[in-house]
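S.K.: How does the following fold in three dimensions:
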Amino acid sequence: MLGGTTAVVSVQGPVGLGSEMIGKDRLMTAPEIAELLRVEVATLAKWRVIGCGPKWLRLPNSRTIRYRRADIDVWLDGRTFQSTREADDAEPRC
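M.R.: I've put the predicted structure just below:
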């Protein structure tokens, strides 16, 4: 306590060995993203192959695929419309 007040410190940073992060920087698995988007894990795999899904990353020296939550939000924002006309006029997507 300093002068009758209590200091509160909030720390956001790596969790565990640094492979998982908190909040928007959190790394999520394909099954977690599939559940979030309500699609099959195989659909995410197909999107990775044809390049129309959200950005993803492969962990070093591994075949492990992860997605950043922030990248998912950006990808979803790019597919959000206010009208069917706006959606129809948008650039074709996968």
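S.K.: show me the contacts for Pro31.
M.R.: Going by Cβ atoms under 8 Å, 6 or more residues apart in numbering, Pro31 touches Val41. Where C-beta positions appear, they are placed from N, C-alpha and C, glycine not excepted.
S.K.: do Asp71 as well
M.R.: Applying Cβ under 8 Å, 6+ apart, the residues near Asp71 are 54-56.
S.K.: And Arg79, its phi and psi?
M.R.: Per-residue torsions, Arg79: phi -120, psi 20 (degrees, to the nearest 10).
S.K.: other SSEs contacting the longest strand along the chain?
M.R.: Ranked by number of residues, the top strand in the chain under DSSP state E is strand 65-68. Here strand 65-68 touches strand 27-28, helix 30-37, strand 57-58, going by 3 or more Cβ pairs under 8 Å, 6 or more residues apart in numbering; DSSP states H and E.
S.K.: Sheet partners, orientation included, of the last one?
M.R.: Pairing partners of strand 57-58, with direction, according to DSSP bridges: strand 65-68 (antiparallel).
S.K.: May I have the next helix or strand after the strand it pairs with exported as PDB, CA atoms only?
M.R.: Following strand 65-68 in sequence order, the next helix or strand is helix 69-77 (DSSP states H and E). What follows is helix 69-77, C-alpha atoms only, in PDB (Å, rounded to 0.1, in the frame of the first residue of the first chain):
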ATOM      1  CA  ARG A  69      -8.000 -15.600 -32.300                       C
ATOM      2  CA  ALA A  70      -7.300 -12.100 -33.700                       C
ATOM      3  CA  ASP A  71      -6.900 -13.500 -37.200                       C
ATOM      4  CA  ILE A  72     -10.200 -15.300 -36.900                       C
ATOM      5  CA  ASP A  73     -11.900 -12.100 -35.900                       C
ATOM      6  CA  VAL A  74     -10.400 -10.200 -38.900                       C
ATOM      7  CA  TRP A  75     -11.400 -13.000 -41.200                       C
ATOM      8  CA  LEU A  76     -15.000 -12.900 -39.900                       C
ATOM      9  CA  ASP A  77     -15.200  -9.100 -40.100                       C
END
